[in-house]
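J.: based on what follows, work out the 3D shape:
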Amino acid sequence: MGNMMRAASARDKVNTDNHDSSQKGLEDDIVVVLQDYPSREISEPIYRMGEKLRVIAQEAYWWRVRSIQTGNENYIPNSHVAKVYHGWLFEGVERQKAEELLLLPVNRVGSFLVRESSRERGLYSLSVKHRIIKHYRIFRLDNSWYYISPRLTFQCLEDMINHYSDFADGLCCALTTPCLSGTPPPPDVNPGAPPVVMRHNFDWRKVDRRQLVSTALESDNMVSYGVRNSMAAYLSFSEDAAHMGAESRKKKSKSVYGFPERRLTNFDLDDDF
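T.: Numbering: from 1, shown residues only. Predicted coordinates:
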């Protein structure tokens, strides 16, 4: 298997290290909120899901933290947060929670995180935001090198992230930014619905025909000249059709249901009737 070590000249990449212990760097005091605390059913949350916090003190179940975004300092249960290393390695985050975090608006296509299994240390998966959230199992060889595809092996996770940040190379897309590292988008500015100008309510079937066919350009006319003429033509056609229909029904009524002018008395009917 080929060794795909990245060039050390990539200044914007993290420095590589050959030891797993390096994955726990100087950022071991950064955590991410996994769920609103307290719950919205209880009160307005102090910390919200996806918010990054700096740990000030760890006191058994309760950790004292300070929000990086707002500076708000308070306590939070350690079950509501996950430690983050290098900005992209999330400790003990399950698949579903990884999807929830990546679907937050702050993330864009290519945002990613590497999550360490909560059941067994040293087992990792890569989760990437694309059209959907894609997950890739990261395998580890006996010599402690890592790979997603057997044709590409990496001496450490940093090398893997650096490589897939430059090339998709079989992934759904190239990696762009670590999960939750972007700037939240500004709130949508809703210009509101266009204004509706209400004019006089009317039933056009009851409009005076003289108003419809008028050629004068009165400012208070309810409809335009072209529409008025169209309506007038329709009314004229409708009335003519209605008149013809009435005449037809009248004739039909006389031919089918008409009785002789002489009055029938005592059921004086011919046998041929």
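
J.: for the nearest residue to Asp166 once chain neighbours are set aside, what are phi and psi?
T.: For Asp166, the nearest residue in space outside its immediate sequence neighbours is Ala174; the separation is 6.9 Å by Cβ to Cβ, 6 or more residues apart in numbering. To be clear about C-beta, it is placed using only N, CA and C from the backbone, and glycine gets the same treatment. The phi and psi values for Ala174, taken as degrees, to the nearest 10, are phi -70, psi 150.

J.: do the same with Ala168
T.: When read as degrees, to the nearest 10, the backbone of Ala168 gives phi -70, psi -50.

J.: how close does the residue nearest to Asp166 get to Asp36?
T.: The gap separating Ala174 from Asp36 is 32 Å, by Cβ to Cβ, to the nearest Å.

J.: just the buried residues of stretch 39-56, please?
T.: If you call a residue buried by 16 or more other Cβ atoms under 10 Å, then stretch 39-56 has these buried ones: 46-53, 55.

J.: rebuild the residues you listed as a markdown table, extending it with secondary structure.
T.: Output for those, formatted as a markdown table (DSSP: H, G, I helix; E, B strand; the rest coil):
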| residue | secondary structure |
| --- | --- |
| Ile46 | coil |
| Tyr47 | strand |
| Arg48 | coil |
| Met49 | coil |
| Gly50 | coil |
| Glu51 | coil |
| Lys52 | strand |
| Leu53 | strand |
| Val55 | strand |
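
J.: nearest to Leu101 among the residues you listed?
T.: Within the set of those, Gly50 lies nearest Leu101; the separation is 5.9 Å, counting by Cβ to Cβ.

J.: wait, that closest one touches Leu104, no?
T.: Yes: in this structure, Gly50 is within contact of Leu104 by Cβ atoms under 8 Å, at 4.7 Å.

J.: now the common contact residues for these two.
T.: Shared contacts of Gly50 and Leu104, defined by Cβ atoms under 8 Å, 6 or more residues apart in numbering, comprise Leu180.

J.: contact partners for the residue nearest to Glu100 when sequence neighbours are not counted?
T.: Using Cβ to Cβ, 6+ apart and skipping residues adjacent in sequence, the residue nearest Glu100 is Met49, 7.1 Å away. Listed by Cβ under 8 Å, 6+ apart, the contact partners of Met49 are 33-36, 100-101, 104.

J.: got any ranges where the stretch 1-150 of the chain has weak pLDDT?
T.: Counting by pLDDT under 70, the stretch 1-150 of the chain has low-confidence residues at 1-28, 118.

J.: in the stretch 1-150 of the chain, which spans are strands?
T.: With DSSP state E, counting those that start in this stretch as the definition, the stretch 1-150 of the chain shows strands at residue ranges 2-3, 30-33, 52-59, 62-67, 73-77, 81-85, 89-91, 112-116, 124-129, 133-140, 146-147.

J.: follow-up on the earlier one: measure the residue nearest to Asp166 to Phe167 for me?
T.: Look at Ala174 and Phe167: by Cβ to Cβ, they are 6 Å apart.

J.: so which of the two has more stuff around it?
T.: Ala174 (16 against 12; other Cβ atoms under 10 Å).
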